[in-house]
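Undergrad: One predicted model, sequence on top.
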Amino acid sequence: MVMATDRLNDFEGDYGADYDHLIRLVIAAPWAFCTDLRCPRQGVLSVQGSRSRMDRNGLRRMARTNWPWAWLAGVALALSPAAAWAHADAHPSGGFVAGFLHPISGLDHVVAMVAVGLWGAVLGPPALWVLPVAFPMVMAFGGLLGLLGVPIPGVEIGIAVSGLVMGLMVLFELRPSLWLAALIVSAFAVFHGHAHGAELPAGSNALLYSLAFVITTGLLHLVGILLGETRRWPGGRRFVQAAGGCVALVGLWFLEQALT
Amino acid sequence: MSLPLAHLVPTGLGPWGDGMARLFLEPTELLLVIGLVLLGVQARQPCRDRLPRLLPLAWSLGGLIGLTLPSELLLALPCTALVAVVGLLVVLEVRLRPVVLLPLAGALALLFALAAGSALTGHPGALAALLGETVAIAVVSTLLCQSLAPPHPRWRSIGLRVAGSWITAASLLMLGWLIRHPQ
């Protein structure tokens, strides 16, 4: 036991100060990978007017030019010590790391947030960006309720149903009006926010935690949007529908878990 | 935590570096600066040009006044609520006129700096730390204003609104945390 503690301390001593570098890499790598988004003519997602168009060669070009960053991020993540993260509160950036990892620590949250992006892509503009803008704000409102101790019944059921419903929306390519879609997504966001808010640790740097938490949520939406944009490629529509089906199945499984 | 460390994380670079790092490690101020710059970018030309000069000026003035205060001003709750409102204005893409935005930005920077300055009272390198934070604000606001200058492609306008929603969301969560764990 003593030896294990010593090893842990050594681990922290060696790697504990590297949080900032790790955070920078984790943020820089996806950004560097997506740098071509800034070039409307060359990027993977070129937006003209109100229509977005996927450039077929864009992804290949991005992978070719930005692969060192992606590899670097992968290596950094692989080498980063989990033992140091276990004591995240000891360092100001610990709040950031804990917040960044929290939304991706649960599959039910991950699939629901990716499904928001997928559904936005299926609905097209302006829902493509209205849903990812509305979700974090309403989710934070739910988090506020959770932090204040305002009870919401059936939070886990609501989270599971969110995955099921949004997965089915993507699977069957349902296109309700914008306000209805925003209402559905916002209603589910309250459940997700409430669960996260109730879990916000007391010892963390709260704002860094919250900020990282929101950024991860936004990145998950972005993943969903990018996956959804593959509908413009041959076979992409079936792929997105299959992804929606998977989300619905995961939601169904979590619903069964929540009800039993 | 002892008083000198209460509001400055030691970076090993002295009070100047600690002050610069403060902006990024306790980022309520950073969110305010980013939110105001985004509002300025969404608004008309004079706002975008004047904000990088106005914000550091107001910050240094407010900070110097704050340093003279006898005790720390506990303004975390109203300040966080104000950041949430600024983020909401960005989300709604409210194009404020310069005559409204510039005084608003100056007043907010002054208020935040007042609280920051009062928090640094008693720190041996308070003035250098305040100066470091002011320089960091000048650099961040200048870089953002220059890199986000119009004309905006459609995706960048959307990106600004998404950033506003993140600012509002993070502030709302922080607000709840502050109510739950009062200072």
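TA: Now that the structure is in, tell me what you want to look at.
Undergrad: contacts for the host helix or strand of B:Gly19?
TA: Element membership of B:Gly19, judged by DSSP states H and E, is helix B:14-25. Here helix B:14-25 makes contact (Cβ atoms under 8 Å, 6 or more residues apart in numbering or on different chains) with A:92-93, A:205, A:208, B:7-11, B:13, B:29-30, B:33, B:116, B:123-126, B:128-137, B:140. For every residue, glycine as well, the C-beta is placed using N, CA and C.
Undergrad: swap in stretch B:136-143?
TA: Contacting residues not belonging to stretch B:136-143 are listed as B:19-20, B:23-24, B:29-30, B:33-34, B:36-37, B:51-52, B:55-56, B:59 [Cβ under 8 Å, 6+ apart].
Undergrad: Can you classify B:Leu69 by secondary structure?
TA: Using DSSP: H, G, I helix; E, B strand; the rest coil, the structure places B:Leu69 in coil.
Undergrad: follow-up on the earlier one: can you name the element that comes right after the helix holding B:Gly19?
TA: Following helix B:14-25 toward the C-terminus (DSSP H and E): helix B:28-42.
Undergrad: returning to what we had before: so how far is the helix holding B:Gly19 off the chain centroid?
TA: Remark: helix B:14-25 is offset 14 Å from the chain centroid, using Cα atoms, centre = their mean, to the nearest Å.
Undergrad: Now it: average pLDDT?
TA: The pLDDT scores in helix B:14-25 average 82.
Undergrad: Kindly report the same for stretch B:69-83.
TA: 86.
Undergrad: quick one, helices of the chain?
TA: Defaulting to chain A. Secondary structure of chain A (DSSP state H): helices at A:2-15, A:19-33, A:58-79, A:82-85, A:92-101, A:107-123, A:127-148, A:155-171, A:178-199, A:206-228, A:236-259.
Undergrad: let's do chain B instead
TA: B:3-6, B:14-25, B:28-42, B:45-67, B:76-91, B:98-120, B:126-147, B:154-180.
Undergrad: Out of those, which gets nearest to A:Pro126?
TA: A:Pro126 lies closest to helix B:154-180 among the helices of chain B, at 8.9 Å (Cβ to Cβ).
Undergrad: just the angle between the closest one and helix A:178-199, please?
TA: If you take axes from the mean of the first three to the mean of the last three Cα atoms, to 10 degrees, helix B:154-180 sits at 40 degrees to helix A:178-199.
Undergrad: what's the spacing between helix B:154-180 and its chain's center?
TA: 14 Å.
Undergrad: helices or strands up against it?
TA: The contact analysis (3 or more Cβ pairs under 8 Å, 6 or more residues apart in numbering or on different chains; DSSP states H and E) places helix B:154-180 against strand A:45-48, helix A:127-148, helix A:206-228, helix B:28-42, helix B:76-91.
Undergrad: One more pass at 10 Å, please.
TA: strand A:45-48, strand A:51-54, helix A:127-148, helix A:178-199, helix A:206-228, helix B:28-42, helix B:76-91 (3 or more Cβ pairs under 10 Å, 6 or more residues apart in numbering or on different chains; DSSP states H and E).
Undergrad: for the closest residue to A:Leu164 other than its chain neighbours, what are its contacts?
TA: Nearest residue to A:Leu164, sequence neighbours excluded (Cβ to Cβ, 6 or more residues apart in numbering or on different chains): A:Gly251, at 3.3 Å. Going by Cβ atoms under 10 Å, 6 or more residues apart in numbering or on different chains, A:Gly251 touches A:108, A:111-112, A:115, A:159-168.
Undergrad: export the residues you listed to CSV and tack on neighbour count?
TA: Shown next, in CSV, are the contacts of A:Gly251 (neighbours: other Cβ atoms under 10 Å in any protein chain shown):
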residue, neighbour count
A:Asp108, 21
A:Val111, 27
A:Ala112, 31
A:Ala115, 33
A:Ile159, 23
A:Ala160, 25
A:Val161, 20
A:Ser162, 29
A:Gly163, 29
A:Leu164, 21
A:Val165, 21
A:Met166, 30
A:Gly167, 26
A:Leu168, 18
